[in-house]
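Participant: quick one: sequence plus predicted model below, questions after.
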Number of protein chains: 2
Amino acid sequence: MESLEQPVLVVREDRVRANIRRMVEKARANNLTLRPHVKTHQSPLVGEWMREEGIEAITVSSPRMGDRFSSAGWTDITVALPMQPGAADAYNAMAAAGTLQLITDSPEAVRSVDARLSEPVVCWIEADTGYHRTGLGVWDRERLIETACAIDDSAHFSLAGLLTHTGSSYACRDLRAMADLYEDTLNQLKALRTLLAERGFEDIQISIGDTPMCSQLDRLPGVDEIRPGNFVYYDLMMEDNGSCLERDIAVAVACPVIAKHPERNELIVHGGAVHLSKESLCYESGLLVFGKVADPEGDAWSASVPGAYVQDTSQEHGVIHADDTWIKGKALGDVVYILPVHACLTADMFDAFSVV
Amino acid sequence: MESLEQPVLVVREDRVRANIRRMVEKARANNLTLRPHVKTHQSPLVGEWMREEGIEAITVSSPRMGDRFSSAGWTDITVALPMQPGAADAYNAMAAAGTLQLITDSPEAVRSVDARLSEPVVCWIEADTGYHRTGLGVWDRERLIETACAIDDSAHFSLAGLLTHTGSSYACRDLRAMADLYEDTLNQLKALRTLLAERGFEDIQISIGDTPMCSQLDRLPGVDEIRPGNFVYYDLMMEDNGSCLERDIAVAVACPVIAKHPERNELIVHGGAVHLSKESLCYESGLLVFGKVADPEGDAWSASVPGAYVQDTSQEHGVIHADDTWIKGKALGDVVYILPVHACLTADMFDAFSVV
């Protein structure tokens, strides 16, 4: 890492394993299944580390990602993207190799996918408990029952339970708000479960998943499964919302310095939107950043440099604003590390990474 | 395209060739070299179309991209990212296979890269004419001469001229502002050229490059070379700033419908931040969008659906706001097309594309 031709994604194995272990212990203490979302790393190698820490089931965000992990030997996979008939071939391949779990919020999807399935598939009904992205409205009792009946009537699906993604948790600014959101989410899902029970649908499980809630709350009563993803790497968003500390962040982009402008407090690195992504974070001060900056330390990186932030990116350039003394200490070709705003999108930019 | 397992990048060859041809004709009419930037498409196939339209020299934004096009047979390549010593092996490989041109704004870079070169390399001095990303300050006469002398004293470099990226052109809202920016840029570069001539540096060429300026101005007097990139595909940013019409946009992402919520005017597609990028565009109305939406038409897409926009993305989901009648006409699995905000970043998300 002393000299780089181009930006390199660097993963700290010790931090990844510590992050995984903490979540595994929390799942055990709460007597629930941890089915982590692998969309953050998309890496069969990190998947192996998960497996070594005792994880047996995973969540993926696309049929293609599921196919990749199925090929890597995972035999219990939930595709947490609403099922659609165009992906039926991928579903059949995964279901033939293990247990495939799909999600849906509509009887039409159940019927159209069922008609194209050749294997048994487990099905979850996705409920919208307030994030309003996908999922059946919790007020829509009629559609809930219609969807459950479509699953029941299908040739290939069996109903496992109710699933939600509590994306609103990213915006919770304190533990009390998070606990309230958890309770509200759970109450909504329990009400749906009661409705299903009244129609004879028994043993309905509850699955929730998002890193802020699963990281910040110690107790997760009443749910059967959690599906956090980002916790494996963490990032500046998660540090900002209180889900991790900076020293938990397990991934950074090593970037060579390509220009120095201490006269305007700027250091330019090769490391832009195609490496970091265009995701930004607006701090409470109003400062908009695309990454924090760290120096090399040992075979990884130091604590972030105070006041140094990536404040602009173009396709290949990253513009770091920092103290001019720090900038003057850098030579062209020197390597600095960028801690990403959103690790999932940054990791997706790279075909490979370096493990330290 | 009637049924998709996952999002697909679709490129319209007729539009790409028309876009290339228009720029080739403009370059000929202005008697200057067109050295298009291939960072937009990064595709050797589109490179072949460029070659068939008469283009012989290209610009790339990273050593790795240069290496890729060098391997595809291109023998006149400018790497438009400040040179740095860590990339010397890549520079040597490209220079051994053809003419390599590098850019710099510092004598330190010239000396440290020169020490690692084994092949002759052409060098451009990058000037900052107002965009303030990289480039030597035009006020810094001393550094300009020092850099030119370092090139002259080097073992491998020969000075070609002065180069700038006029990124400010993206924000020009009318032709008069664009013409003024062009004149101002050119005057700054000419002043630097005069300074160099006074020190005995002759035959200094001038290279500018950015799609808005090269698209919008018919006459480009006084420059020797232009390096636009985005014009090959165009996108919503370029439509918005007046550099193209929607019917010139040559690239879109075909996405399957995964959920319908007409009750809140939303259609959800499989097509999110890892397909479109997180680049957004804020229209004058205040509307923030991640893409326009079009229906399938023939083997490509229709004019954009009035009032339909991607207004939010997560990793794999795209949230389209649109008229509920249009939404009700879609079935799960149906394909819609998303016109990208920033084609360079969207194209970078895909390893392959479909040509129609």
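Facilitator: In hand now; what should we look at? Residues are numbered from 1 along each chain as shown, chains lettered A, B, ... in the order given.
Participant: so what strands line up beside the longest strand seen in chain A?
Facilitator: Counting by DSSP state E, the longest strand found in chain A is strand A:300-313. Using DSSP bridges, strand A:300-313 pairs in its sheet with strand A:291-297 (antiparallel), strand A:317-321 (antiparallel).
Participant: mind giving me a markdown table with those and columns for mean neighbour count, distance to residue A:353 and mean pLDDT?
Facilitator: Yep, even glycine has a C-beta here, placed from its N, CA and C like the rest. As requested, the strands paired with strand A:300-313 are exported to a markdown table (neighbours: other CB atoms under 10 Å in any protein chain shown; distance: least, CB to CB, whole Å; pLDDT from 0 to 100):
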| stretch | mean neighbour count | distance to residue A:353 | mean pLDDT |
| --- | --- | --- | --- |
| strand A:291-297 | 21 | 16 | 98 |
| strand A:317-321 | 23 | 18 | 98 |
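Participant: all the helices of the stretch 151-300 of chain A, residue numbers only.
Facilitator: A:175-198, A:211-216, A:236-240, A:273-276 (DSSP state H, counting those that start in this stretch).
Participant: can you list the domains in chain A?
Facilitator: Split into domains by automatic domain parsing, chain A comes to A:75-228, A:246-355.
Participant: is there proximity between the first one and chain B?
Facilitator: Yes. For a cut-off given as CB under 8 Å from any CB of the partner chain, domain A:75-228 has contacts with chain B, namely A:81-87, A:89-90, A:105-106, A:108-109, A:112, A:132-134, A:137, A:167.
Participant: the residues you listed in helices, which ones?
Facilitator: Residues of these located in helices (DSSP state H): A:89, A:90, A:108, A:109, A:112.
Participant: and for the fourth one, the neighbour number?
Facilitator: Other residues within reach of residue A:109 by the criterion other CB atoms under 10 Å in any protein chain shown amount to 25.
Participant: contact partners for it?
Facilitator: A:82, A:83, A:84, A:85, B:332 (CB atoms under 8 Å, 6 or more residues apart in numbering or on different chains).
Participant: export those residues as a markdown table, with columns for distance to residue B:294 and pLDDT.
Facilitator: Written out in a markdown table, the entries for these read as follows (distance: CB to CB, whole Å; pLDDT from 0 to 100):
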| residue | distance to residue B:294 | pLDDT |
| --- | --- | --- |
| A:82 | 22 | 98 |
| A:83 | 25 | 98 |
| A:84 | 19 | 97 |
| A:85 | 21 | 97 |
| B:332 | 19 | 96 |
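Participant: need the ones in helices among the residues of domain A:75-228 next to chain B in JSON lines (columns: pLDDT).
Facilitator: Shown next, in JSON lines, are those (pLDDT from 0 to 100):
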{"residue": "A:89", "pLDDT": "97"}
{"residue": "A:90", "pLDDT": "97"}
{"residue": "A:108", "pLDDT": "97"}
{"residue": "A:109", "pLDDT": "97"}
{"residue": "A:112", "pLDDT": "97"}
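Participant: mind checking which of those residues are buried?
Facilitator: With burial judged by 16 or more other CB atoms under 10 Å in any protein chain shown, the buried subset of those is A:90, A:108, A:109, A:112.
Participant: and the two most separated of those?
Facilitator: Using CB to CB, the pair of these lying farthest apart is A:90 and A:108, separated by 19.5 Å.
Participant: circling back to that earlier point, now render the ones in helices among the residues of domain A:75-228 next to chain B as JSON lines, adding distance to residue B:320.
Facilitator: Formatted as JSON lines, these follow (distance: CB to CB, whole Å):
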{"residue": "A:89", "distance to residue B:320": "25"}
{"residue": "A:90", "distance to residue B:320": "23"}
{"residue": "A:108", "distance to residue B:320": "18"}
{"residue": "A:109", "distance to residue B:320": "17"}
{"residue": "A:112", "distance to residue B:320": "20"}
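Participant: please name the nearest non-neighbouring residue to residue A:326.
Facilitator: residue A:305 (6.1 Å; CB to CB, 6 or more residues apart in numbering or on different chains).
Participant: what mean pLDDT does the longest strand of chain A have?
Facilitator: Averaging pLDDT along strand A:300-313 yields 98.
Participant: which residues sit against it?
Facilitator: By CB under 8 Å, 6+ apart, strand A:300-313 touches A:10, A:12, A:246-247, A:252, A:271-273, A:276, A:278, A:287-296, A:318-323, A:326, A:337-339, A:356, B:133.
Participant: which of the residues of domain A:75-228 next to chain B are buried?
Facilitator: Applying 16+ other CB under 10 Å to these flags A:81-87, A:90, A:105-106, A:108-109, A:112, A:133-134, A:137, A:167 as buried.
Participant: quick check: pLDDT value at the closest residue to residue A:99 other than its chain neighbours.
Facilitator: Of all residues not flanking residue A:99 in the chain, residue A:76 sits nearest, at 4.7 Å (CB to CB, 6+ apart). At residue A:76, the model reports a pLDDT of 98.
Participant: run through chain A and note the low-pLDDT ranges.
Facilitator: Low-confidence segments of chain A (pLDDT under 70): none present.
Participant: let's see it at 80
Facilitator: Applying pLDDT under 80 to chain A picks out residues A:1-2.
Participant: name the residue most distant from the centre of it?
Facilitator: Going by CA atoms, centre = their mean, the residue of chain A most distant from its centre is residue A:263, 39.4 Å out.
Participant: which residues touch it?
Facilitator: Here residue A:263 is in contact with A:324, B:137 (CB under 8 Å, 6+ apart).
Participant: same thing with residue A:66?
Facilitator: Applying CB under 8 Å, 6+ apart, the residues contacting residue A:66 are A:60, A:77, A:79, A:90, A:94, A:100.
Participant: if we ignore the residues flanking it in sequence, what's nearest it?
Facilitator: Leaving out its chain neighbours, the residue that sits closest to residue A:66 by CB to CB, 6+ apart is residue A:60, at 4.3 Å.
Participant: swap in residue A:350?
Facilitator: residue A:9 (4.1 Å).
Participant: repeat for residue A:167
Facilitator: Using CB to CB, 6+ apart, the nearest residue to residue A:167 is residue A:131, at 3.9 Å.
Participant: also residue A:281?
Facilitator: Using CB to CB, 6+ apart, the closest residue to residue A:281 is residue A:341 (4.6 Å).
Participant: isn't the one you found up against residue A:234?
Facilitator: No. The pair residue A:341 / residue A:234 is not scored as a contact, 11.4 Å apart, by CB atoms under 8 Å.
Participant: how about CSV for the strands paired with strand A:300-313, with distance to residue A:20 added?
Facilitator: Below are the strands paired with strand A:300-313 laid out as CSV (distance: least, CB to CB, whole Å):
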stretch, distance to residue A:20
strand A:291-297, 22
strand A:317-321, 29
